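[1] Sequence below, structure please.
(chains A, B, C and D)
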There are 2 protein chains.
Amino acid sequence: MRRVLTLREMGAAPLTTAVLNARKREVLEAIITCYNRTAKPVSSRTIARQCDMRLSPATIRNTMAQLGEYGYLAQPHTSAGRIPTELGYRVYVDNMMTTQRLTDEECRFIRQWYDSSELDIFETVEQTSKILSQISHYIGVALSPQLHDGILRRLELIPLDTQRVVVVLIANSGLVKNQVISIRESVSKADIKRISRILNEKLAGLSLGEIQRISQSHKNLKAVFDQDLSDSVATLARNTFSLDREIHVYLNGTSNFFGQPEFLEVEQIEPLFRFLEQKERVADLLSPKKESPDIQVLIGSENRCEGMEMCSVVQSTFSVQGDLLGTIGVIGPTRMEYSRVVSIVKFTAHVIGQHLQKAV
Amino acid sequence: MRRVLTLREMGAAPLTTAVLNARKREVLEAIITCYNRTAKPVSSRTIARQCDMRLSPATIRNTMAQLGEYGYLAQPHTSAGRIPTELGYRVYVDNMMTTQRLTDEECRFIRQWYDSSELDIFETVEQTSKILSQISHYIGVALSPQLHDGILRRLELIPLDTQRVVVVLIANSGLVKNQVISIRESVSKADIKRISRILNEKLAGLSLGEIQRISQSHKNLKAVFDQDLSDSVATLARNTFSLDREIHVYLNGTSNFFGQPEFLEVEQIEPLFRFLEQKERVADLLSPKKESPDIQVLIGSENRCEGMEMCSVVQSTFSVQGDLLGTIGVIGPTRMEYSRVVSIVKFTAHVIGQHLQKAV
DNA sequence: ATTTAGCACTCGTATGAGAAGAGTGCTAAC
DNA sequence: GTTAGCACTCTTCTCATACGAGTGCTAAAT
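    Model (predicted):
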């Protein structure tokens, strides 16, 4: 029978650090560090050897037993070493982790990518997932900004032929999106110009989500425009702002997981890859939560995603001028170098913000 | 020692069907069919049981031995059944395969997707990869069209501020692409309008690749415009048409490979996934070859891609009004239902062409 | 009161032998 | 030309055993 603690057992354990004296902290950290390297249960002897204070394996065993009672450590089986539980990692991440500065080289590597790239937001975001995966050696992930959340700066209608118009929407954040829309009755070029002028006058400065809501109802439209609108204009407006809520999810470095010892078996890696292929779910996972802190760390099954039980997520949002634009993150095994990854994600979010600022 | 024939041995075998009498053909086909189902070496007894002409296993063994000499069959080890070689599949695909019509349901399934979708080309292409994977149960792949290959119908310059302009390029194929470009010296709105008019007059109807070439050189530009251009206009033109040659590659259904018996081991699936993550290489693989036939089938190592040795590719291009727009395809294990997949890819390429036609 | 040495015990892993089974190739008879 | 029979090969599965890593507990040492 496997001695893996249930969540309830783990939840019952004290979460405060008060109960963790210096030695327990040191042992917990040493085990986490060692487990990160080897992915194998850590024995008391290993810790005794490398621990600063010279203690015998027997003493370490006592400490480990106590950490086990708290639910911070678990044993795959009775006569095996210890591995950190999710709760153990949680305590480590929340209370013990020291922020590790990136090396100058790493910083340069990240900045270089952005400096050498154009300003297209979508490409920048896609590139970011690549950067994150390359530097973290895990999976880099990035969510494209949603036009829906932006403020309309300007729109342009370009007649394509009598039946179709290209709409170009420009948001305050620098986001530009075009789409071709069809109109039933033909509208003259002059009309389109007029409509375009009116729409710009009345709607610039509003959020695109708000505009979309308004344009759904004829009544609302009338109120905003303060005049009666022909059916064709109303339809045009409605179609112009019927934004697809699709989010683009960019994933990179998925094959980095093949190297990880805990994913050597297909049974482990298959559910993960199946999950990652459902882009909507990945988007859900990464979508900023209500009270989103600077940086968020979801450890193991905390992410509540089927297939992601053995993975952790480190994520952050990036914004331009206070406008939330998107999310970036790293997905790695639960046994992850949290301090390094947190630094990477933080720094990258900062740099991407700076970079996009130029495009405003 | 493994009895897998080398390519040279296989190449030395006769490729004509003349040498294949009815029985040999029937046995080869039966083995391929059976191996497709089971992924296990096929024994003489299995064939003897299901073969139409009532023959004993011993007779089948003789025939199998001859097919083995031709290089169409191989044995994993001395006392195992036979599996088709790549050459065997090649003979089957080229000479024996009967085109299998899709069921009405499958046709409806494919058409439905397109009927219910908007006309944005990129989304259509992305969706296509999803459709292909869902209906083939393998990996669906699609290459987005390259603006570079299109004919310019129209361009629009939208001033964003004094230093930046949004360029909207509209190609004959219905492809629309926007990009923000920066200009060093500020250009007035009136100037931009004027420039836009000139560019449209002079360049509409030319291929974008050609335009890009022209706009690289000041001299060429002068020749086309038949007048001297200010530095600002030249720069603007150059930046407008400096199209990134990036191709978007859409992959879907990669996790379908987890179900395949020959990919149960990580060692098999890892190189494949590593390959698929290199989007440029996938694009290379799928890019239409010089003399590209209606539909192309690459069997096993024919694709010459590291990691794809155990996979086959069925691909086709789709076009609108004779303009080659992009490529779609299916990647599956070498042990693939070629006749079904060929039908799927053919039909889908046809439907996507029809669908995009509407957007022209 | 804390630490440690010693030791019995548990459990996973590696190894090897043996049996079972699937399938072939060959030979001789039909 | 076809087939039955049989020896032979090779894989796979199972079982037993040995080994080793690591623990928990107890009693002694500090």
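[2] Tell me the residues on chain A that lie near DNA strand D, please.
    Residues of chain A that fall close to DNA strand D, judged by C-beta under 7 Å from any atom of the strand: A:41-46, A:57-58, A:61, A:64-65, A:68, A:75, A:78-82. All C-beta spots, glycine's among them, are computed from the backbone N, C-alpha and C.
[3] again, 6 Å this time
    Residues of chain A lying near DNA strand D by C-beta under 6 Å from any atom of the strand: A:43, A:44, A:45, A:58, A:61, A:65, A:79, A:80, A:81, A:82.
[4] Can you name the residues that contact the residue in the stretch 151-300 of chain A positioned nearest to DNA strand D?
    Residue nearest to DNA strand D within the stretch 151-300 of chain A: residue A:261 (14.8 Å; C-beta to the nearest atom of the strand). Counting by C-beta atoms under 8 Å, 6 or more residues apart in numbering or on different chains, residue A:261 makes contact with A:39, A:40.
[5] so where's the stretch 1-150 of chain A uncertain?
    The model of the stretch 1-150 of chain A has pLDDT under 70 over residues A:1-19, A:118-119.
[6] which parts of chain A sit against chain B?
    Chain A has residues A:118-120, A:123, A:154, A:156, A:158, A:160, A:166, A:168, A:170, A:174, A:176-180, A:182, A:244, A:246, A:252-255, A:258, A:264-266, A:269-270, A:273-274, A:277, A:359 near chain B, with proximity defined as C-beta under 8 Å from any C-beta of the partner chain.
[7] Take these and keep only those in helices.
    A:123, A:266, A:269, A:270, A:273, A:274, A:277 (DSSP state H).
[8] And these, which two are furthest apart?
    Spatially, the most separated pair among these is A:123 and A:266, at 34.0 Å (C-beta to C-beta).
[9] now, which of the residues of chain A next to DNA strand D lie within helices?
    In this view, the residues of chain A next to DNA strand D that belong to helices under DSSP H are A:44, A:45, A:58, A:61, A:65.
[10] which of these tops the neighbour count?
    The most crowded member of those, judged by other C-beta atoms under 10 Å in any protein chain shown, is residue A:44 (23 neighbours).
[11] you'd agree that one is up against residue A:51?
    No: using C-beta atoms under 8 Å, residue A:44 makes no contact with residue A:51, being 10.0 Å away.
[12] who touches both of these two?
    Counting by C-beta under 8 Å, 6+ apart, the common neighbours of residue A:44 and residue A:51 are residue A:60.
[13] what about stretch A:57-68, distance to the chain center?
    37 Å (C-alpha atoms, centre = their mean, to the nearest Å).
[14] Convert the C-alpha atoms of that stretch to CSV, please.
    The C-alpha coordinates for stretch A:57-68 follow below in CSV (Å, rounded to 0.1, in the frame of the first residue of the first chain):
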residue,chain,number,x,y,z
PRO,A,57,21.5,10.0,9.6
ALA,A,58,19.5,8.8,12.6
THR,A,59,18.9,12.4,13.7
ILE,A,60,17.9,13.4,10.3
ARG,A,61,15.5,10.5,10.2
ASN,A,62,13.8,11.8,13.3
THR,A,63,13.4,15.3,11.7
MET,A,64,12.1,13.7,8.5
ALA,A,65,9.6,11.7,10.4
GLN,A,66,8.2,14.9,12.0
LEU,A,67,8.1,16.7,8.6
GLY,A,68,6.2,13.6,7.4
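[15] How about it and DNA strand C, touching?
    Yes: residues of stretch A:57-68 contacting DNA strand C under C-beta under 6 Å from any atom of the strand: A:58, A:59, A:62.
[16] Could I get the buried residue list for that stretch?
    By neighbour count with 16 or more other C-beta atoms under 10 Å in any protein chain shown, stretch A:57-68 contains the buried residues A:59, A:60, A:61, A:63, A:64, A:66, A:67, A:68.
[17] now do stretch A:159-173
    Here stretch A:159-173 shows A:159, A:160, A:164, A:165, A:166, A:167, A:168, A:169, A:170, A:171, A:172, A:173 as buried, counting by 16+ other C-beta under 10 Å.
[18] measure the residue lying closest to the third one once chain neighbours are set aside to residue A:206 for me?
    Spelled out, that is residue A:164. In space, and not counting its chain neighbours, residue A:164 is closest to residue A:182: 5.2 Å by C-beta to C-beta, 6 or more residues apart in numbering or on different chains. To residue A:206, residue A:182 is 25 Å away according to C-beta to C-beta, to the nearest Å.
[19] pretty sure residue A:302 contacts residue A:86?
    Yes: the criterion here is C-beta under 8 Å, and residue A:302 meets it with residue A:86 at 6.9 Å.
[20] which residue ranges form the helices in chain A?
    Going by DSSP H, chain A shows helices at A:7-12, A:22-38, A:44-50, A:57-70, A:86-91, A:104-115, A:121-136, A:189-203, A:208-216, A:218-225, A:231-241, A:266-277, A:279-286, A:338-357.
[21] With distance to residue B:337 as extra columns, can I get these in CSV?
    As requested, those are exported to CSV (distance: least, C-beta to C-beta, whole Å):
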stretch, distance to residue B:337
helix A:7-12, 45
helix A:22-38, 44
helix A:44-50, 52
helix A:57-70, 53
helix A:86-91, 43
helix A:104-115, 43
helix A:121-136, 34
helix A:189-203, 51
helix A:208-216, 45
helix A:218-225, 52
helix A:231-241, 42
helix A:266-277, 22
helix A:279-286, 27
helix A:338-357, 43
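[22] can you tell which of those helices is closest to residue B:112?
    helix A:279-286 (19.6 Å).
[23] Now that closest one: buried residues?
    For helix A:279-286, burial by neighbour count (16+ other C-beta under 10 Å) applies to A:279, A:281, A:282, A:283, A:285, A:286.
[24] For that helix, which outside residues touch it?
    Contacts of helix A:279-286 (C-beta under 8 Å, 6+ apart): A:141, A:143, A:247, A:249, A:251, A:275-276, A:303, A:305, A:308, A:313, A:315, A:327, A:329.
[25] Which of the residues you listed scores worst on pLDDT?
    For the contacts of helix A:279-286, the weakest pLDDT value sits at residue A:247, with 83.
[26] Once you drop chain neighbours, what's closest to it?
    residue A:283 (4.6 Å).
[27] distance of that neighbour from DNA strand C?
    Residue A:283 sits 37 Å away from DNA strand C, going by C-beta to the nearest atom of the strand, to the nearest Å.
[28] Could you give the bridge partners of the residue nearest to residue A:179 when sequence neighbours are not counted?
    Using C-beta to C-beta, 6+ apart and skipping the chain neighbours, the partner closest in space to residue A:179 is residue A:167 (5.5 Å). Counting by DSSP bridges, residue A:167 is bridged to residue A:157, residue A:179.
[29] next one: the one 4 residues further on
    Residues in a beta bridge with residue A:171, per DSSP bridges, are residue A:152.
[30] In contact with residue A:341, which residues?
    A:136, A:138, A:314, A:330, A:332.
[31] With neighbour count as extra columns, can I get those in a markdown table?
    As requested, the contacts of residue A:341 are arranged in a markdown table below (neighbours: other C-beta atoms under 10 Å in any protein chain shown):
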| residue | neighbour count |
| --- | --- |
| A:136 | 24 |
| A:138 | 27 |
| A:314 | 27 |
| A:330 | 27 |
| A:332 | 23 |
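[32] Fine, thanks again, bye for now.
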